[in-house]
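[1] quick one: sequence plus predicted model below, questions after.
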Amino acid sequence: MTDSAEPRTETTDSGPGGYAAARLRLLQEESRSGPPRRSALAGLTDQWLAALLAGGAETSGITGGVALVAVGGYGRGELSPRSDLDVVLLHDGSADPSALAALADHVWYPVWDMGLALDHSVRTPDEARKTAADDLKVQLGLLDARHLAGDETLTAGLRTTVLADWRAQAPARLPELRELCQERAERHGELQFLLEPDLKEARGGLRDATALRAIAASWLADAPREGLDEARRRLLDTRDALHLATGRAADRLSLQEQDQIATAVGLLDADALLRQVYESARTIAYASDVTWREVDRVLRARSAGRPRLRGLLGGRGRGGSGSGSAQTAGERSPLAEGVVEQDGEVVLARAARPERDPVLPLRAAAAAAQGGLPLSLHAVRRLAAAARPLPVPWPPEAREELVTLLGAGESTVGVWEALEAEGLITRLLPDWERVRCRPQRNPVHRWTVDRHLVETAVRASALSRRVGRPDLLLVAALLHDIGKGWPGDHSVVGETIVRDLAARIGFDRADVSVLATLVRHHLLLVETATRRDLDDPATVHAVAEVVRGPGTLELLHALTEADALATGPAAWSAWRGALVADLVKRVAAVLAGEPAADPDAPQQITAEQERLAIEARRTGGPVLALHARPEALPPGDETAEPEPIGVELLIAVPDQSGVLAAAAGVLALHRLTVRAADLRAVDLPSELDGADRGVLLLSWRVAAEYGSLPQAARLRNDLLRALDGSLDIVARLAEREAAYRKYPRRRSVHAPPPRVTVAPGSSQLATVIEVRAQDVPGLLHRIGRALEAAGVTVRSAHVSTLGANAVDAFYVTDAAGAPLAPQHAAEVAHEVEQALR
């Protein structure tokens, strides 16, 4: 930015009071924001620093040979409200060192007195050049050097030499820059998927945009220009609002500030803000990918002794990526009709006519994904500009190419992003627009909705050999959450969308029905397996009535696993996989016509559980077994690292009231986090011990919150005391909670209130009470106490934790062992919810 391009700014005196007042007025102007305000703030600061330099020169007696230079973001004129001032005091070496130090102090101290962050240095042009050669970050800052005051020839000379050095050293320094970008991405993650993104440091953020400017300045490559400036502007506007809201030089967009920032930038709510931020980050990240590929290609050509024409001329290719020149260099290898590989990218054949071939975009994408190659920017843009829309329904070839694209595995992601960047995905699948860049507030999810759908297809591709119709699996994986772009239950809405969309894609009526079932019930297996009693025949029959056939069951099983694996590490484990597989096995048996399990038959227990139960019956007290479970491979991923299942705690205790609350309370006192739990009552055959009373078996999967696990003997002693009333768990937990309040932890978001509901029709033998709440220490203890106070008997319990959320189901009966009446069940649910609130 040049001085002549700056908007009018207020003039101010060199004193901090005058500048501070003018600065405050500017920042409080609601009519001026965005680039005009950043430019005006930079101009105002320019005047102030220039006046400080002039006053310092007069005081120190220096009459020439010095210049004040802005670098970095300040050099670009992008001064946010709390941005650092990056300034270099440049001198020709003729000034007396003490006078030069006095001049510097005259400039720096007023800035510090204002409370502004200052990144400063005093150097000659040669010193600045040498420092830049040694420090890449310094060199990047100097590329944006801008004259503020003093000797303009010094600034101009520095700019010329730094730029010349950068272009001469670019082949060696650009790989170093790329390494910096990659290290930063590993530390801070991808901006477009983070709930609390760092607008500056995360991949796709402002640092990457600055790196693209540096690459363009090298003349080796240039970034795609379309949308890039707008993406940078939106991120800068968001950061401005964040600075004003927090009063700090903050770059992380915390959850508690997002609604306020959304209002400040004129958006409806925090979700709209995140979506805009994600879209901007995606534009920058995609431009970075394309540009770095071009840099690699140019450097490969140079190292092979084949310098390209644009490198020799030092010019920029049309379209910003050099893809046009890539089509004239190197050999072409055919991949599909109208599609060839050249220079490590997929480009269109010379004879390709996208205006006459509506399937060409999908064919090119499928060929690229199957070959593990990127689609060239030039090819994608040509397809977006010229390709005809597909007829409805799609021809079989188009549907097959879509399935081929989705079945390519990891390479699908990059190709899909290239199509999406140029608007081809929403042209093919109009409903995709509603989920594009849509944030997911549940911390269990690691991706936005659209990326999660693509990742699910990637995971499903690895499971395609397990099903008879891999095409249906892959399309269901891509569309299973498509309803999240609309109000209401996303599964119900998604079913309606998929019926229309699948018919448009060209599936017949029977396949459309299967896809609709998969989308409508994609959560059925995992929710049933982890929250319902699989020994209850009603549970298995309810699932069988939904799937209706073994083909749909195997598809739903694979989709369930792919969906969970693509969600995040908290959504799937060997334990969950085993539960789902057990449910699928039982449902398959029902579908095959095998007789259902007799609900009155004795429940199957393991040899260890039987041993513990007999011992508990004999001694009349609790018996415990605590041991680490063996490691296992995550289901469906034989190449992964073994996954620790955790520590299993088995407890057998004679059937009596209060066992669940007492056991959960003891675990909480010992700082054991419950990851999963199962409680059930078993009746031992009388010939085993001659007794008639039942035994409660509790199976826990736990982890130590701090330190090592307690000894089983200590747990048993405390459980004995809790059951006989000598250990007041409620008081002990209250004391710990009071201690926590003295040292409150910082929390970035308030958890929603707990919700307790009755799940009607889930069982013929008991009433199912479902609890959804924030997973906090002592939660299960409080639930157990509330159920005990309500006078119901817990027949079985199924506890699961997803991230910070607990989703627990309790099968309860009345004193006679029968399900609760509807009114009674509603009252119990209300009492439990009130106890948790």
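    Cool, the structure landed.

[2] going forward, measure contacts and count neighbours with C-alpha atoms only.
    OK.

[3] dump the C-alpha coordinates for stretch 728-741 into CSV.
    Extracted in CSV, the C-alpha atoms of stretch 728-741 (Å, rounded to 0.1, in the frame of the first residue of the first chain):
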residue,chain,number,x,y,z
ASP,A,728,-20.8,-40.8,53.8
ILE,A,729,-20.1,-40.5,50.0
VAL,A,730,-22.4,-37.5,49.6
ALA,A,731,-20.5,-35.5,52.2
ARG,A,732,-17.1,-36.5,50.9
LEU,A,733,-18.0,-35.5,47.3
ALA,A,734,-19.4,-32.3,48.5
GLU,A,735,-16.2,-31.5,50.3
ARG,A,736,-14.2,-32.1,47.1
GLU,A,737,-16.6,-29.9,45.1
ALA,A,738,-16.2,-27.1,47.7
ALA,A,739,-12.4,-27.4,47.4
TYR,A,740,-12.7,-27.2,43.6
ARG,A,741,-14.7,-24.0,43.9
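
[4] please spell out which residues along it are buried.
    Within stretch 728-741, the residues that count as buried by 16 or more other C-alpha atoms under 10 Å are I729, L733.

[5] low-confidence stretches in the stretch 301-450 of the chain?
    305-330 (pLDDT under 70).

[6] try 50 this time
    307-329 (pLDDT under 50).

[7] cool, and the stretch 601-750 of the chain?
    630-645, 688, 744-749.

[8] what segments of it are helices?
    607-619, 659-669, 686-689, 712-724, 729-742 (DSSP state H, counting those that start in this stretch).

[9] most tightly packed of these?
    Neighbour counts (mean count of other C-alpha atoms under 10 Å) averaged over each of those peak at helix 659-669, with a mean of 24.

[10] mind giving me the packing neighbours of that helix?
    If contacts are counted by 3 or more C-alpha pairs under 8 Å, 6 or more residues apart in numbering; DSSP states H and E, helix 659-669 sits against strand 672-682, helix 712-724, helix 729-742, helix 779-789.

[11] compute the inter-axis angle for it and helix 712-724.
    Going by axes from the mean of the first three to the mean of the last three C-alpha atoms, to 10 degrees, helix 659-669 is angled at 130 degrees with respect to helix 712-724.

[12] what's the angle from helix 659-669 to helix 729-742?
    30 degrees.

[13] quick one: helix 659-669 to chain centroid distance?
    What separates the centre of helix 659-669 from the centre of its chain is 34 Å, taken as C-alpha atoms, centre = their mean, to the nearest Å.

[14] hmm, who's touching that helix?
    653, 673-674, 679, 715, 718-719, 722-723, 729-730, 732-733, 777-778, 780-785 (C-alpha atoms under 8 Å, 6 or more residues apart in numbering).

[15] OK, contacts around H541?
    Contacts of H541 (C-alpha under 8 Å, 6+ apart): V587, V590.

[16] ditto for R239
    With C-alpha under 8 Å, 6+ apart, R239 has these contacts: S80, L199, A250, D251.

[17] please, which helix or strand holds it?
    Taking DSSP states H and E as the criterion, R239 maps to helix 228-246.

[18] with just CA atoms, put stretch 139-154 into CSV.
    Extracted in CSV, the C-alpha atoms of stretch 139-154 (Å, rounded to 0.1, in the frame of the first residue of the first chain):
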residue,chain,number,x,y,z
GLN,A,139,13.2,-11.6,5.5
LEU,A,140,9.5,-12.2,5.2
GLY,A,141,8.8,-9.1,7.3
LEU,A,142,11.1,-7.0,5.2
LEU,A,143,9.3,-8.0,2.0
ASP,A,144,6.5,-5.7,3.1
ALA,A,145,8.8,-2.8,4.1
ARG,A,146,7.1,0.6,3.8
HIS,A,147,8.6,4.0,4.3
LEU,A,148,7.3,6.1,7.2
ALA,A,149,9.7,9.0,7.6
GLY,A,150,13.2,10.2,7.1
ASP,A,151,15.5,9.4,4.2
GLU,A,152,13.4,7.7,1.5
THR,A,153,16.4,6.6,-0.5
LEU,A,154,17.5,4.4,2.4
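
[19] quick one: list the elements packing against the host helix or strand of V295.
    Using DSSP H and E, V295 maps to helix 270-303. Judged by 3+ C-alpha pairs under 8 Å, 6+ apart, helix 270-303 is in contact with helix 206-218, helix 228-246, helix 258-264, helix 411-421.

[20] other SSEs contacting the last one?
    Read that as helix 411-421. Using 3+ C-alpha pairs under 8 Å, 6+ apart as the contact test, the elements touching helix 411-421 are helix 270-303, helix 360-371, helix 377-386, helix 424-428, helix 449-461.

[21] how does it look with 10 Å?
    Counting contacts by 3 or more C-alpha pairs under 10 Å, 6 or more residues apart in numbering; DSSP states H and E, helix 411-421 is packed against helix 270-303, helix 360-371, helix 377-386, helix 396-406, helix 424-428, helix 449-461.

[22] which secondary structure elements does the shortest one contact?
    When you say that, I think you mean helix 424-428. Helix 424-428 packs on helix 360-371, helix 377-386, helix 411-421, going by 3+ C-alpha pairs under 10 Å, 6+ apart.

[23] tell me which of the ones you listed sits most buried.
    helix 360-371 comes out most buried of the helices and strands packed on helix 424-428 by mean count of other C-alpha under 10 Å, with a mean of 25.

[24] name the helices or strands packed onto that helix?
    The contact analysis (3+ C-alpha pairs under 10 Å, 6+ apart) places helix 360-371 against strand 332-336, strand 339-342, strand 345-348, helix 377-386, helix 396-406, helix 411-421, helix 424-428.

[25] how far away from the center of its chain is it?
    Centre to centre, stretch against its chain (C-alpha atoms, centre = their mean), the figure for helix 360-371 is 27 Å.

[26] next, the angle from it to helix 377-386.
    Helix 360-371 runs at 150 degrees relative to helix 377-386, counting by the same axes, to 10 degrees.

[27] is V298 in contact with L220, as I believe?
    Yes. Proximity of V298 to L220 meets the contact threshold set by C-alpha atoms under 10 Å, at 7.0 Å.
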